[in-house]
Structures are given as C-alpha cells and as structure tokens.
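S.K.: here you go, sequence then predicted model.
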Amino acid sequence: MSLYRDTAVVLRVQKLGEADRIVTLLSRRHGKIRGVAKGVRRTSSRFGARVEPFCHVDVQLHSGRTLDVITQVQTLDAFGAGIVGDYQRYTTACAVLETLDRLAAEEGEPVLRLYLLGVGALRALADGQRDASLVLDAFVLRAMSYAGWAPALEECARCAAPGPHGAFSVPVGGAVCEECRPAGAVRPVAGTFSLLEALLHGDWSVAETTNTRVRRESSGLVAAHLQWHLERRLRSLPLVQRDVSRPPVPDAIRARAAAAGEVDDSGMSAAGHWNHD
Amino acid sequence: MYEGPVQDLIDELGRLPGVGPKSAQRIAFHLLAAETEDVTRLQDALQSVKEGVVFCDVCGNVSEQQRCRICLDSRREPKLVCVVEEPKDVLAIERTREFRGRYHVLGGALDPLSGVGPDQLRVRELVNRIGTDEVTEVIIATDPNTEGEATATYLVRLLQDFPGLSVTRLASGLPMGGDLEFADEMTLGRALSGRRTA
C-alpha cells in the first residue's frame, strides 16, 4: 500500500518545519490518518487551501515510515467557506472536529459511521439552516451512541425502571429514578429529556420548537456526558458560542459613539445599531 | 546518550521549533567545536533577547523600549492601523514599503481547537486603542487560512459599528507567477468575488 486514495475530512493542522504541515484526517476507509502536506504554507502551494480544517476532500497519500505524505487533494465540499463567516458556527464546528478527533482514537481503524456523522454535522453547520448549538448536541449524542456511550433517556440508567424520570446523573449514565438517584444528580427543566430524545433520533420538528432554557440545559448535559466519558476536557467546548447574539458592545465603542453624538440616552444609536442584543 | 552537559544541550536544542534530534545533535557538536568567542556572542544574544526585548505597550510588537520604533515614529499615519497575528507579519508588511500606518499585533488567531478564544488575544487592547486614538481605518491582515479568516470575521463583526471607522481587509486572490489551471477552487473563487475594474 505505497499509494492510496480516500475521501476524508480535515480535522486539524499543525505547522511542521519551514513551510509544511501535519494534517490529521478522518477518512472513510482508513479511519484517522496523519499525513504531511509539503510546502502548503507557501502562498504558491497548489493545494494549501484544500487541506484546511472543515474541508471534505478526495486525497491521495503515499505511505511513509512514520507519517504518510499527501500527494494530491481534490475538494469535495468546502465547508469552511460557510463556517468561518459566522463565529458561532466556527466555534461549534471546531467542537465537532475535536470530538471526531477524540472519538476516533486509533489511527488506521475505519470508523465509517463517525465519518458520516462528522460530514453531516459540518454540512448542516455550513448550510446554516439549523441552530448551530442543536446541530452540535445532535452530533455529540449520536457520536456517543456510536461509541457505545449513549445516555439512557427513557429508562433508569441504573435499574432500567421505565421512565419518564426527572433526574439526570452524568456518572451513572443518564436518567435516574428516585430510588437510584445519587447525590449530585441534576433535575433538568421540563422538556429537556424530550429534546435530548429528539436530537438523538433526528426529530428536528420537536427539537426546533424548544425554548432557549431547555436548549441550554440539554447542551450542558450533553457536554458533561461527553467529557465524562472521554475522561478529559475538550479545549474547544468552553469557547463555543451558544447563542446567536453579537458580542457585547465594548465601552470604547459606546464612548466614541457618545462623543460623536450618535447615541441617545438609552445607549442606542439613531440607526438602532445596538439593538441586536 | 552522551555525557551530562552535551546531552543537556542536545535536549534543550531539540525543544526548539523545527529542530529534530539529529539537527540538535549536529548543532550541539558544532557549538562544542566552535571558538569560545563565537559561543559567548551567541550566549549574549540569547540573554539580551530575553532581558532586553519587551512587547510594545501600544501595538504588542517586539520592542527594546516600552513603545516600539513604529509607534514612536511621528511620520507614520496614526489614523491607519493594520491588524496582524504575529510580530513577523509586521516585518512582512514593512517589506512591501507600501504601508505608512501603524500596527496592532493580536498575538495569534482564534483557534478553539487549541483553546485560543478572543480573551487570549489582544482584542480588548485593539478596541480600547480605537476608542481612545483617532483611528479612522483598520486594515485586517490576518493569515489567509481558516483561523485567520475566522479571526477577521470576528473583528469585522466587533468593529463594524464603531462610528467613523472603516474596517477593510487585505485583498486575496491568485499569487504572481502561477498557472490558473493549478489554482484551487477557494483561491480562484475569492479572486473572482474580489475582482476589480481593469
């Protein structure tokens, strides 16, 4: 297998030497691959733009002793173009890539379902049709389910008593009945379990009708569940912007606007520029 | 494994970026064979860079004083600020001899995969600087890669409502000396969308 070809998602890139990069890919048939892309940091590189995070590519590699060498790349989907234009989608997509990287722990071990889930999540984020936070939670729940760590949502995670139950325990593995409820179990607001069920099974008509509070609770549980089983923190998760509101208006902008006479007493400009929060 | 000090030197050199174990060994033996004055000069240079070089209070560029040479230069246009990721990008833009404004070094790009968010960069300093100085144009010159693009998008969104401030970005397109047929879709697409009247 000196030369081989596969379709893959670019998970991460690291600088190597003067102008090279080590590219981590999640491929359809070969699982996780780490390859060297030579000279891609030069502006004259022929495929530098195709081996950026979020790219879905058709790639040809040459087997090396330690790392394979990327020899050709064709773009299948340039998800990055639709993702980097929005900070919420960018941070969310980074969390998708990091989750893929952690769950596909073994290099060279095919994980087709995870690959397809990753491509689907990135496509949904790039399209921007669905709420980015819901896409991330749905992806994480399904990826965890594939890894064998699906949270118990209907029956009690400890005694399997049929639900619905009112408490959730991350260490126990999901919903818990009143008898099994350990110390530290949380009581999510009504509707949280339904949302988690809907996300796990792809029932978007239910998921999209939920309110912000329910979404926030379910996101917290999903993140805690993921990190508990991975046994380490995801670096991108704390940076995920969960709502679509713009960053708070810095005081410096308010001061300059006030000096320019463009802000009324309520702190809003005549054009209503600050009305977004 | 070599005797103590030689192995220590190889280990230290091996921690430098782009220096592998073989290169570290080669450099260590070169230093061992070099004249004492040459090694002392290198030692002095290393010490002075750690003790004498600081980051400019205003722009974050490397400097020997509290304010860098560019921020102190009264001939530079104070209303024009170019935002770059690293101090080495300042040098790249200075080489063009086209830019006569001042700089703001962010200290990296937004990269959640490495745990770098807006709070880890000098974004707040940039906003405060624009608020206090009479800056009228900010040119965003982040790297043309995913992290650089995301950083530029974030800054545009943050600064677009600053009264009297125009936020611009470096043009991007095809490099000189290349063939069109080898251009990738993203570069060619951006060159097309950013085309200008001939």
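M.R.: Nice, thanks for sending it over.
S.K.: which ones are touching the nearest residue to residue A:40 once chain neighbours are set aside?
M.R.: Sequence neighbours aside, residue A:48 is the residue nearest to residue A:40 in space, at 3.9 Å (criterion: CB to CB, 6 or more residues apart in numbering or on different chains). To be clear about C-beta, it is placed using only N, CA and C from the backbone, and glycine gets the same treatment. Residues in contact with residue A:48, defined by CB atoms under 8 Å, 6 or more residues apart in numbering or on different chains, are A:37, A:39-42, B:184.
S.K.: switch the cut-off to 10 Å
M.R.: By CB atoms under 10 Å, 6 or more residues apart in numbering or on different chains, residue A:48 lies in contact with A:13, A:19, A:21, A:37, A:39-42, A:73, B:144-145, B:184, B:186-187.
S.K.: and these, which two are the farthest apart?
M.R.: Greatest spacing in these, by CB to CB: A:19 and B:186 (18.6 Å).
S.K.: looking at those two, which is more packed in?
M.R.: The residue with more neighbours, out of residue A:19 and residue B:186, is residue B:186; 19 against 16, by other CB atoms under 10 Å in any protein chain shown.
S.K.: give me the number of residues near the nearest residue to that one once chain neighbours are set aside?
M.R.: Closest residue in space to residue B:186, ignoring its immediate chain neighbours: residue A:49 at 4.3 Å, by CB to CB, 6+ apart. Residue A:49 has 24 neighbours, counted by other CB under 10 Å.
S.K.: which other residues reach stretch B:92-103?
M.R.: Stretch B:92-103 is touched from outside by B:56, B:58-61, B:68, B:70-71, B:73, B:75-84, B:86-87, B:89-90, B:129, B:133, B:135, B:137-139, B:141, B:170, with contacts defined as CB under 10 Å, 6+ apart.
S.K.: just those residues that are near chain A?
M.R.: B:129, B:135 (CB under 10 Å from any CB of the partner chain).
S.K.: which of the contacts of stretch B:92-103 count as buried?
M.R.: Buried members of the contacts of stretch B:92-103, counted by 16 or more other CB atoms under 10 Å in any protein chain shown: B:56, B:58-61, B:68, B:70-71, B:80-84, B:86-87, B:89-90, B:129, B:135, B:138-139, B:141.
S.K.: so which of those belong to strands?
M.R.: Using DSSP state E, the subset of these located in strands is B:80-84, B:138-139.
S.K.: helices along chain B, start to end?
M.R.: For chain B, the helices defined by DSSP state H cover B:4-14, B:21-33, B:36-52, B:69-72, B:87-94, B:123-132, B:146-159, B:185-193.
S.K.: out of those helices, which one sits most buried?
M.R.: Of the helices of chain B, the one with the most neighbours on average (mean count of other CB atoms under 10 Å in any protein chain shown) is helix B:146-159, at a mean of 22.
S.K.: between that helix and helix B:123-132, what angle do the directions make?
M.R.: Relative orientation of helix B:146-159 and helix B:123-132, computed by axes from the mean of the first three to the mean of the last three CA atoms, to 10 degrees: 40 degrees.
S.K.: what's the pLDDT at residue A:261?
M.R.: Per-residue confidence (pLDDT) for residue A:261: 58.
S.K.: residues in contact with residue 191?
M.R.: Going with chain A. A:198, A:206, A:209-211, A:213-215, A:217-218.
S.K.: hm, I was asking about chain B
M.R.: B:171-175, B:180, B:183.
S.K.: between these, which sits nearest residue B:32?
M.R.: For those, the minimum distance to residue B:32 (CB to CB) is 42.7 Å, reached by residue B:175.
S.K.: nearest spatial neighbour of the closest one, skipping sequence neighbours?
M.R.: Of all residues not flanking residue B:175 in the chain, residue A:43 sits nearest, at 4.7 Å (CB to CB, 6+ apart).
S.K.: and the closest residue to residue A:64 other than its chain neighbours, how close does it get to residue A:3?
M.R.: Residue nearest to residue A:64 in three dimensions, not counting chain neighbours: residue A:36, with 7.3 Å by CB to CB, 6+ apart. In this view, residue A:36 and residue A:3 are 15 Å apart by CB to CB, to the nearest Å.
S.K.: so between those two, which is more surrounded?
M.R.: residue A:36 (19 against 12).
S.K.: that one should be in a strand, yeah?
M.R.: Yes - the assignment for residue A:36 is a strand, going by DSSP: H, G, I helix; E, B strand; the rest coil.
S.K.: and stretch B:13-20, end to end?
M.R.: Distance between the two ends of stretch B:13-20: 8 Å, counting by CA to CA, to the nearest Å.
S.K.: buried stuff in that stretch?
M.R.: Within stretch B:13-20, the residues that count as buried by 16+ other CB under 10 Å are B:13-14, B:19.
S.K.: from these, pick out the ones that also neighbour chain A.
M.R.: Checking the buried residues of stretch B:13-20 against chain A (CB under 10 Å from any CB), the matches are residue B:19.
S.K.: can you put the buried residues of stretch B:13-20 in JSON lines and add pLDDT?
M.R.: Converted to JSON lines, the buried residues of stretch B:13-20 look like this (pLDDT from 0 to 100):
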{"residue": "B:13", "pLDDT": "93"}
{"residue": "B:14", "pLDDT": "92"}
{"residue": "B:19", "pLDDT": "86"}
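S.K.: much appreciated, bye for now.
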